[in-house]
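Novice: how would this look folded up:
(one chain, ligands or ions: 1)
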Amino acid sequence: MKMILRWFPHGDDSVTLQQIRQIPGVSGVATCLPKIPVGEIWPLEILETLKKEINDAGLEMEVIESVNIHEDIKKGLPTRDQYIENYIKTLENLSKVGVKVLCYNFMPVIDWARSDLEHTLPDGSTVLSYRHEEVLKMNPNTMADAMAKKARGYSLPGWEPERLEAMARDIEFYQNMTKETYWENMKYFLDKVIPYAEQYDIKMAIHPDDPPWPLYGLPKVITNEENIRTFLKLNDSPYNGLTLCTGSLGADLSNHMPEIIREFSGQGRIHFAHIRNVHHLNEKDFDESAHLSECGDLDMFEVVKAFVDTDFQGYVRPDHGRMIWGEKARPGYGLYDRAIGSNYILGLWEAIHKMKNRT
Ligand SMILES: [Mn+2]
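Specialist: Numbers count the residues shown, from 1 in each chain. As a prediction, the model looks like this:
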């Protein structure tokens with residue numbers, strides 16, 4: 001297992017590589033090129049410069065999060081072939097700079113959704129929160145505006161301006177699309193891309209839908225154990241795998257995280273793990289919380305134990321953290337709480353691993 005942290009390059013992050021280097025046990029970053037428009041090829045020269053910057057800081061660049069999928073691929077339009085070709089070319093460039101895992105998602109139109117990026121908890125920290133009724137009352141454009149206001153000038157991955165323009169039109173498009181067609185469009189993408197992922201030795205790792213239930217009549221597919229089984233069967237290659245995000249899947253209380261991890265990690269299909277906790281107010285309203293088990297609804301001991309027991313060899317990152325100690329940063333991606341979270345996870349990992357080898 002390698003512990004990494006998400007980091008945004010080119011001045012788009014308040015956290016520096018030098019700070020990340022000083023977190024014990026963190027060997028690298030999951031990074032991206034958010035300024036390259038969705039669907040375009042990621043240029044090799046920019047990747048080489050970025051890799052050098054990260055390596056020079058003593059860290060590895062083995063995970064990319066994310067190369068987003070152009071909407072035409074999800075819609076199954078004839079223009080998808082060109083975008084898929086570009087995606088494959090990007091994979092080739094990523095392989096040339098030693099990338100091992102590529103995280104992406106296949107959510108239609110709207111990436112992750114929250115009603116507030118700065119919800120204050122009783123201890124004075126702030127977190128990303130989700131109130132279902134509020135989200136339903138907003139339309140995606142008003143949500144995007146509300147989010148942008150609290151993003152402190154940082155780009156919000158998945159909420160790129162060029163995506164927002166077409167949002168209303170795109171939502172309309174999906175109203176007539178069946179879930180089956182959406183699965184077919186996914187399979188079309190996977191069958192074209194996975195052979196190249198194998199060739200370039202890059203594990204594709206899909207991120208679950210967040211939240212894991214339908215919004216605005218849009219199809220949601222990576223939401224639970226059964227759907228993940230369906231997804232993995234679309235293409236049987238071990239290179240067709242998962243980013244197991246405990247916070248996204250864990251937002252649905254009927255998802256039993258340790259069991260899900262045991263099943264798919266046991267099959268070698270989890271390549272990247274986002275480990276975070278969620279605290280529910282009721283079935284569909286939740287706050288993101290500190291990583292500790294006692295702070296949320298997930299039993300982090302059991303989560304980590306499921307990974308250790310299945311001999312997980314992929315990458316792990318603490319997911320969103322709270323904003324604490326007066327830090328001003330991109331919502332969810334401050335330094336302090338993610339540093340605490342990473343070392344809590346590493347502590348559990350060491351303890352469980354050592355106890356296991358003792359018996
Ligand atoms: Mn995640």
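
Novice: how close does the closest residue to Ile36 other than its chain neighbours get to Pro9?
Specialist: Closest residue to Ile36 apart from its sequence neighbours, by C-beta to C-beta, 6 or more residues apart in numbering: Trp42 at 5.6 Å. Heads up, the C-betas are built off the backbone N, CA and C, glycines and all. Counting by C-beta to C-beta, to the nearest Å, the gap from Trp42 to Pro9 is 12 Å.

Novice: now for the closest residue to Asp319 other than its chain neighbours: which residues touch it?
Specialist: Closest residue to Asp319 in three dimensions, ignoring its sequence neighbours and counting by C-beta to C-beta, 6+ apart: Arg276, at 3.4 Å. Applying C-beta atoms under 8 Å, 6 or more residues apart in numbering, one finds that Arg276 lies in contact with Cys245, Thr246, Gly247, Glu288, His291, Pro318, Asp319, His320, Gly321, Gly341.

Novice: now the fifth one: which helix or strand?
Specialist: So that's His291. Here His291, judged by DSSP states H and E, is contained in no helix and no strand.

Novice: circling back to that earlier point, keep only those of the contacts of Arg276 that are in helices.
Specialist: Assignment to helices by DSSP state H places the following of the contacts of Arg276 there: Thr246, Gly247, Gly341.

Novice: between those, which sits nearest the ion?
Specialist: Proximity of the ones in helices among the contacts of Arg276 to the ion was ranked by C-beta to the ion; the top entry is Gly247 with 5.8 Å.

Novice: and the closest residue to the closest one other than its chain neighbours, its phi and psi?
Specialist: If the residues on either side of it in the chain are set aside, Gly247 comes closest to Arg276, at 4.0 Å by C-beta to C-beta, 6+ apart. Dihedral pair for Arg276: phi -150, psi 170, per degrees, to the nearest 10.

Novice: and Arg276, what pLDDT?
Specialist: Listed pLDDT for Arg276 reads 95.

Novice: what of the one 10 residues further on?
Specialist: pLDDT recorded at Phe286 is 95.

Novice: distance check, it against Phe231.
Specialist: Distance of Phe286 to Phe231, computed by C-beta to C-beta: 24 Å.

Novice: helices of this protein, residue ranges please.
Specialist: Counting by DSSP H, the segments of the chain that form helices are 17-21, 44-56, 71-75, 80-96, 132-137, 140-149, 161-165, 167-174, 179-200, 225-234, 246-250, 257-266, 300-309, 336-358.

Novice: need those helices in TSV (columns: mean pLDDT and distance to the ion).
Specialist: Supplementary listing: these in TSV, determined by pLDDT from 0 to 100; distance: least, C-beta to the ion, whole Å:
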stretch	mean pLDDT	distance to the ion
helix 17-21	98	18
helix 44-56	98	21
helix 71-75	95	19
helix 80-96	98	20
helix 132-137	88	18
helix 140-149	73	16
helix 161-165	66	19
helix 167-174	83	22
helix 179-200	96	19
helix 225-234	96	14
helix 246-250	95	5
helix 257-266	98	13
helix 300-309	98	13
helix 336-358	96	12
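
Novice: quick check: the residue of the stretch 51-200 of the chain nearest the ion.
Specialist: Proximity to the ion, evaluated over the stretch 51-200 of the chain using C-beta to the ion, is greatest for Trp112 at 7.9 Å.

Novice: how about that residue: what's its closest non-neighbour residue?
Specialist: Using C-beta to C-beta, 6+ apart and skipping residues adjacent in sequence, the residue nearest Trp112 is Asp210, 4.2 Å away.

Novice: what of Ala57?
Specialist: Of all residues apart from its sequence neighbours, Leu17 sits closest to Ala57 (C-beta to C-beta, 6+ apart), at 3.6 Å.

Novice: quick one: contacts for the one you found?
Specialist: Trp7, Val29, Glu53, Ile54, Ala57, Leu59.

Novice: which one of the residues you listed has the most neighbours?
Specialist: With neighbours defined as other C-beta atoms under 10 Å, the most crowded of the contacts of Leu17 is Val29; it has 28 neighbours.

Novice: surely that residue is in contact with Leu59?
Specialist: Yes: checked against C-beta atoms under 8 Å, the pair Val29 and Leu59 is within contact range at 5.7 Å.

Novice: residues that sit against both of the two, list them.
Specialist: Taking C-beta under 8 Å, 6+ apart as the contact criterion, the common neighbours of Val29 and Leu59 are Leu17, Ile20.

Novice: the residue nearest to Trp112: neighbour count?
Specialist: Every residue meeting other C-beta under 10 Å relative to Asp210 is counted, giving 24.

Novice: show me what contacts it?
Specialist: Contacts for Asp210 were tallied using C-beta under 8 Å, 6+ apart; they are Met107, Asp111, Trp112, Ala113, Cys245, Gly247, Ser248, Ala251.

Novice: same thing with Leu232?
Specialist: With contacts defined as C-beta under 8 Å, 6+ apart, Leu232 is in contact with Asn240, Gly241, Leu242, Phe264, Gln267, Arg269.

Novice: among the residues you listed, name the ones in strands.
Specialist: Applying DSSP state E to the contacts of Leu232, the entries found in strands are Asn240, Gly241, Leu242.

Novice: out of those, who's the most crowded?
Specialist: When neighbours are counted as other C-beta under 10 Å, the busiest of the ones in strands among the contacts of Leu232 turns out to be Leu242, with 28 neighbours.

Novice: tell me the mean pLDDT for stretch 289-297?
Specialist: Confidence over stretch 289-297 (mean pLDDT, whole number) is 96.
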